[in-house]
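>>> the sequence and its predicted three-dimensional model are supplied below.
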Amino acid sequence: MAGLRGEQVDAYRKDMYKFEREGTQEEDTMYDKIYSMKRGSEVTGAGSKDTQKLRAGALTRHTAEGQNIIFKSPLQGWTTYVKYYTYSDGLTFSPEAIEDTIKLGDMLKDLARTWGIEVRIAKETLAARAFNNGGTLLGDFVFDGSYTGETDPSGLLAYDSEPFFNLAGNTRTTKAGNTYYNSVADAYPATGDILPSHIKTLYSLMTATNNRDEQGGVIRNKPDTILTRPGGDEIEVWEILNSINKAGGELNNKNVWSGKFKALAWDYLTEAAIYMGKAKSKNIQFHERLASNLRFFRHEDTGGYKASIRCRFGVYFKFGFWRDWVRGGGTSA
């Protein structure tokens, strides 16, 4: 096999795309159940930014006929940024390897399937990183939206220069001057089981404390998802949501938590924590800038061939995203 014909190269490349997709889909993914997805024409450039438009403010109740309308300039809120990261891999095949390989097509199919698995792992790892490192006081690269031509002033932290998850002793301040937190260290057991009281603490924090917008206005802030690591935490949460006694009620009483949440276990979570929030919130987005791009081509300098894969994606945390999730346990911040 001195060299491959052009139609052979094209056929191999098409097969690689097919088997890369199969590798990606071998296991169910979680990132697209937690994040809202943006693809295609919605995702362009090296990154993106957006500036929040605040409400004009409360309406004035007139107390007299002919009372003047009060005019004021619209206010701007925070600016948020997202960077699209490039992921790639490549292999080179000597001419001798190509000449001596009887089943080149099978080898390339296996390679492509493996790359599909790695794409899935990379996406899951990046998406979970925001939760695993969300309480780190120094921040993490996953929150840095700086890209070519734009610098995210908050660096490794969220847009308000606070970590994703912050405790009551380290509150964040809104444009209205109000302070909030979304993490409770003791809402996760140091020892023993997750209890209904832990669920109640997080639910109350999200629905009755963090149910305010940037200007202090009341908003409806209902969670629909509880997120844990697989294993013991997953089972304990399931028992609370589905068993009357575990929910803290008397025998035959209705379980107050029944039907309120989806219970999801994410293999990529590493923190000893429980998360409660809104799945696929518009404020927490996963942007696919470039779907997997595979190449298989001749390397003229050696007479051999090369195969490569490249894709681009990023996670975008928009205004008020911290209201959409609360955490029990985890790294202190």
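Here it is on my side, so go on.

>>> I'd like to know how far the residue lying farthest from the centre of the chain sits from residue 77.
Distance to the chain centre peaks in the chain at residue 65, reaching 51.9 Å (criterion: Cα atoms, centre = their mean). As defined by Cβ to Cβ, to the nearest Å, residue 65 lies at a distance of 35 Å from residue 77. For the C-beta atoms, the positions are set from N, CA and C on the backbone; glycine is no exception.

>>> ok, the residue farthest from the centre of the chain to residue 74 distance?
According to Cβ to Cβ, residue 65 stands 28 Å off from residue 74.

>>> residue ranges with poor pLDDT in the stretch 151-300 of the chain?
Within the stretch 151-300 of the chain, the segments meeting pLDDT under 70 span 244-252.

>>> helix or strand: which one has residue 283?
In this assignment (DSSP states H and E), residue 283 forms part of strand 281-299.

>>> check which element follows that strand along the chain.
Using DSSP H and E, the helix or strand that follows strand 281-299 in sequence is strand 304-317.

>>> pull out the buried residues from that next one.
304-305, 307, 309, 311-317 (16 or more other Cβ atoms under 10 Å).

>>> name the helices or strands packed onto the next helix or strand after it?
The helix or strand immediately downstream of strand 304-317 is strand 325-329, counting by DSSP H and E. On a contact count with 3 or more Cβ pairs under 8 Å, 6 or more residues apart in numbering; DSSP states H and E, strand 325-329 meets strand 183-184, helix 196-204, strand 273-277.

>>> next, the angle from strand 325-329 to helix 196-204.
Here the directions of strand 325-329 and helix 196-204 differ by 150 degrees (axes from the mean of the first three to the mean of the last three Cα atoms, to 10 degrees).

>>> list the contacts of strand 325-329.
Applying Cβ atoms under 8 Å, 6 or more residues apart in numbering, the external contacts of strand 325-329 come out as 131, 134-135, 164-165, 182-188, 198, 201-202, 205-206, 210, 223, 271-278, 284.

>>> if you set the cut-off to 7 Å instead, what comes out?
165, 182-185, 187-188, 198, 201-202, 205-206, 272-277 (Cβ atoms under 7 Å, 6 or more residues apart in numbering).

>>> among these, name the buried ones.
Counted by 16+ other Cβ under 10 Å, the contacts of strand 325-329 give 165, 182-185, 187-188, 198, 201-202, 205-206, 273-277 as buried.

>>> sort the buried residues of strand 304-317 by pLDDT and name the bottom one.
Least confident of those in the model: residue 304, at 79.

>>> what about residue 22, how many neighbours?
Counted by other Cβ atoms under 10 Å, the residues lying close to residue 22 total 14.

>>> where's residue 320 relative to residue 173, distance?
Distance from residue 320 to residue 173, by Cβ to Cβ: 13 Å.

>>> these two - which one has more neighbours?
The neighbour count for residue 320 versus residue 173, taken as other Cβ under 10 Å, is higher for residue 320 (23 against 12).

>>> residue contacts, the more buried one?
With Cβ under 7 Å, 6+ apart, residue 320 has these contacts: 214, 283.

>>> for it, give me the pLDDT.
So, for residue 320, pLDDT stands at 95.

>>> check the secondary structure at the nearest residue to residue 25 once chain neighbours are set aside for me.
Leaving aside its chain neighbours, residue 25 sits nearest to residue 116 (7.6 Å; criterion: Cβ to Cβ, 6 or more residues apart in numbering). The three-state label given to residue 116 by DSSP: H, G, I helix; E, B strand; the rest coil is helix.
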